[in-house]
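*Asks:* give me coordinates for this.
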Amino acid sequence: MAWIFDKPLHSLNDEVQNEKDKKLWEAESLGGLTEDNNRLPVPVVFLVVLTVITAFLITAPLWGQRPTAGLYEAYVKSMATPEVMAIQDDAAAMAKIVSMNKGGARDAQLERHPLTMDSLRMIRPQVEALMAKGVDLDEYTVVGDKVVIANFEGALKADGVTKTRKQPWWDRGYTIDVFYLTTFFLGVVITVKRLPPNTWQPKHGNH
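*Replies:* Residues are numbered from 1 along each chain as shown. All right, here's what the predicted structure looks like:
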């Protein structure tokens with residue numbers, strides 16, 4: 001069962017092994033099933049590739065990051081401004097807060113994690129309490145109406161004791177997904193290319 005790498009996309013077997021496989025293929029009845037040796041249609045391959053790429057893009061940790069207290073710090077500060085306090089309608093007030101904070105580096109995150117005025121009121125005292133302590137607000141996660149310490153542990157800080165609690169843009173689960181899918185598709189390709197090349201078709205007894 002020698003491995004030949006001269007034409008890996010044609011066949012990984014030598015001719016001797018391919019001939020043995022052809023004879024076995026013709027001799028095996030497969031319970032009455034007649035399996036041909038056709039290649040997978042190109043549109044199907046394209047669809048599989050597109051599905052995988054789309055799945056990875058929409059589930060990337062960067063997109064699935066949880067909202068932090070730091071994300072809404074500017075919103076909380078804007079609540080105390082005269083122009084916002086003068087608005088009686090909650091929806092209009094929230095729209096004003098959003099417009100006041102447009103153009104920042106966190107616009108994309110804020111769009112993915114919008115808040116209502118009621119939700120902002122509930123987290124406001126907690127965010128302000130953290131601001132008064134001078135802690136890093138990005139290490140606190142907003143979960144519903146609660147602001148809690150993030151359940152991530154990264155590298156040690158300068159004090160050599162505490163660890164950073166910020167969510168990474170890339171996580172271990174995503175690495176596992178990349179490894180698994182790469183291994184799976186590589187295994188499928190190797191398995192298929194250890195069969196006789198698709199230029200040969202079994203006759204299934206129809207000589």
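*Asks:* and for residue 162, the neighbour number?
*Replies:* Counted with other Cβ atoms under 10 Å, the burial measure for residue 162 works out to 11 neighbours. (C-beta placed from N, C-alpha, C; glycine too.)
*Asks:* contact partners for the residue nearest to it when sequence neighbours are not counted?
*Replies:* If you skip the residues right next to it in sequence, residue 162 has residue 156 as its closest partner in space, 7.2 Å away by Cβ to Cβ, 6 or more residues apart in numbering. With contact set as Cβ atoms under 8 Å, 6 or more residues apart in numbering, residue 156 has these partners: 162, 163, 164.
*Asks:* next one, pLDDT for the last one please.
*Replies:* pLDDT, residue 164: 85.
*Asks:* contact partners of stretch 68-83?
*Replies:* For stretch 68-83, the surrounding residues in contact (Cβ under 8 Å, 6+ apart) are 84-85, 96-98, 100-101, 104, 106, 109-110, 113, 115, 120-121, 123-124, 126-128, 130-131, 136-142, 147, 150, 166-167.
*Asks:* just stretch 57-67 next, same as before
*Replies:* If you take Cβ under 8 Å, 6+ apart as the criterion, stretch 57-67 is touched by 109, 112-113, 141-143, 150, 167-171, 174.
*Asks:* now do stretch 189-205
*Replies:* Contacts with stretch 189-205, where a contact means Cβ under 8 Å, 6+ apart, come from 8-13, 18, 21-22, 25-26, 34-39.
*Asks:* residues of it that come out buried?
*Replies:* Of the residues in stretch 189-205, 193, 195, 196 count as buried by neighbour count, 16 or more other Cβ atoms under 10 Å.
*Asks:* now render those as JSON lines, adding secondary structure.
*Replies:* Shown next, in JSON lines, are the buried residues of stretch 189-205 (DSSP: H, G, I helix; E, B strand; the rest coil):
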{"residue": "193", "secondary structure": "helix"}
{"residue": "195", "secondary structure": "coil"}
{"residue": "196", "secondary structure": "coil"}
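*Asks:* export these as JSON lines, with columns for distance to residue 71.
*Replies:* Written out in JSON lines, the entries for the buried residues of stretch 189-205 read as follows (distance: Cβ to Cβ, whole Å):
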{"residue": "193", "distance to residue 71": "49"}
{"residue": "195", "distance to residue 71": "53"}
{"residue": "196", "distance to residue 71": "58"}
